[in-house]
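Asks: Here's a sequence, model it:
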Amino acid sequence: MRATNSRSRSGGPFFYTDSSDTLATLGYNKYSIVKSVLRAINTHRHKIMWGAPIALALFVSVQSSIVDGNSFSLTASSTRFVEVGTSFDVTIGISTEDPINVAAAIVSYPPTLLQVTGVSSDETAIDLWAEEPFFSNELGVVTFAGGLLKKAGFTGTGTVATIHFSAVAAGSAHLDISSPALLAHDGKGTNVLTHTSETTVVVREVGQANPDINGDGSVTITDINSMYLTILRPYNARYDMDGNGKVNFRDIAHLFGLLGS
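Replies: The predicted model follows:
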């Protein structure tokens, strides 16, 4: 015999059980319950279809943004969604909780999509360069190594250098940080780096629709919702991601592919 918990709700018995016999005493049967569930799913199928992946993506996005420690970061100064021929900047930043006195790394980029036009370090946290910022468009790298000479070591946030890019071809250009080192001010040169925050620049052809629909610098749930709401409306080239003269689920799939970018 299965255990049944009961309590009063709206003046009558309320049963918490998985017994179909108990449900039957309330005037339900398993077939009517299934039909009710199916009707609810059918009525809200669009919310369910989009809500589940959206909730998951939002959860992942929030979780991935909660980080502490000692890090390098790459940040596009204005937007990460640019047209071919556009110039833009990416800032190399550091953030530390532990005192450090050396910062060094290699920033890699796809030279078939992006070309560096220069690297500036006028406003930098670095006090002494062991290796001034150097770039090679043939290899697709920017390298640097510098010292921070504060008596107690450097803590907090600061800029290392700013990379000036030109977009030369369409595609998704990931900027990667390799061989990163944040050396502790401990007399041992301990690398206390905990993580890096990299970035991706999406280059589109001139005249192609911008996937960052609301212009906030990222492809987010808001952009996907805006796209979804336009599918049944008159054609608007702003939402035609693949330029085929239609706004449909292919365009939504394109945005999902860039979600979080």
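Asks: Tell me where the chain has strands.
Replies: 5-9, 12-16, 71-76, 81-83, 87-108, 114-120, 128-136, 141-147, 154-167, 171-184, 195-197, 199-204 (DSSP state E).
Asks: for the third one, which positions count as buried?
Replies: Of all the residues in strand 71-76, those buried under the rule 16 or more other CB atoms under 10 Å are Ser71, Phe72, Ser73, Leu74, Ala76. The C-beta positions use only the backbone N, C-alpha and C, and glycine is treated the same way.
Asks: what's the answer for the longest one, then?
Replies: By neighbour count on 16+ other CB under 10 Å, the buried set for strand 87-108 is 88, 90-96, 98-108.
Asks: Format the strands of the chain as JSON lines; extra columns: mean pLDDT and distance to Tyr239.
Replies: As requested, those are exported to JSON lines (pLDDT from 0 to 100; distance: least, CB to CB, whole Å):
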{"stretch": "strand 5-9", "mean pLDDT": "39", "distance to Tyr239": "47"}
{"stretch": "strand 12-16", "mean pLDDT": "35", "distance to Tyr239": "47"}
{"stretch": "strand 71-76", "mean pLDDT": "94", "distance to Tyr239": "23"}
{"stretch": "strand 81-83", "mean pLDDT": "92", "distance to Tyr239": "14"}
{"stretch": "strand 87-108", "mean pLDDT": "96", "distance to Tyr239": "24"}
{"stretch": "strand 114-120", "mean pLDDT": "97", "distance to Tyr239": "26"}
{"stretch": "strand 128-136", "mean pLDDT": "95", "distance to Tyr239": "37"}
{"stretch": "strand 141-147", "mean pLDDT": "97", "distance to Tyr239": "36"}
{"stretch": "strand 154-167", "mean pLDDT": "96", "distance to Tyr239": "22"}
{"stretch": "strand 171-184", "mean pLDDT": "95", "distance to Tyr239": "20"}
{"stretch": "strand 195-197", "mean pLDDT": "94", "distance to Tyr239": "30"}
{"stretch": "strand 199-204", "mean pLDDT": "92", "distance to Tyr239": "14"}
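Asks: Distance to Gly217 added to those, as CSV?
Replies: Shown next, in CSV, are the strands of the chain (distance: least, CB to CB, whole Å):
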stretch, distance to Gly217
strand 5-9, 49
strand 12-16, 48
strand 71-76, 7
strand 81-83, 8
strand 87-108, 12
strand 114-120, 18
strand 128-136, 24
strand 141-147, 22
strand 154-167, 16
strand 171-184, 15
strand 195-197, 14
strand 199-204, 10
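Asks: Format the buried residues of strand 71-76 as TSV; extra columns: distance to Asn210.
Replies: Shown next, in TSV, are the buried residues of strand 71-76 (distance: CB to CB, whole Å):
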residue	distance to Asn210
Ser71	29
Phe72	28
Ser73	24
Leu74	21
Ala76	14
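Asks: Closest one of the residues you listed to Glu132?
Replies: Checking the buried residues of strand 71-76 against Glu132 with CB to CB, the nearest one is Phe72 at 17.4 Å.
Asks: Ile100 is in contact with His185, correct?
Replies: Yes. Contact criterion CB atoms under 8 Å: His185 and Ile100 qualify, at 5.9 Å.
Asks: Who are the contact partners of the residue nearest to Gly171 when sequence neighbours are not counted?
Replies: Take Gly171 and drop its neighbours on the chain: the residue closest to it by CB to CB, 6 or more residues apart in numbering is Leu113, 4.7 Å away. Contact analysis of Leu113 by CB atoms under 8 Å, 6 or more residues apart in numbering lists Ala167, Val168, Ala169, Ala170, Gly171, Ala173, Val201, Val203.
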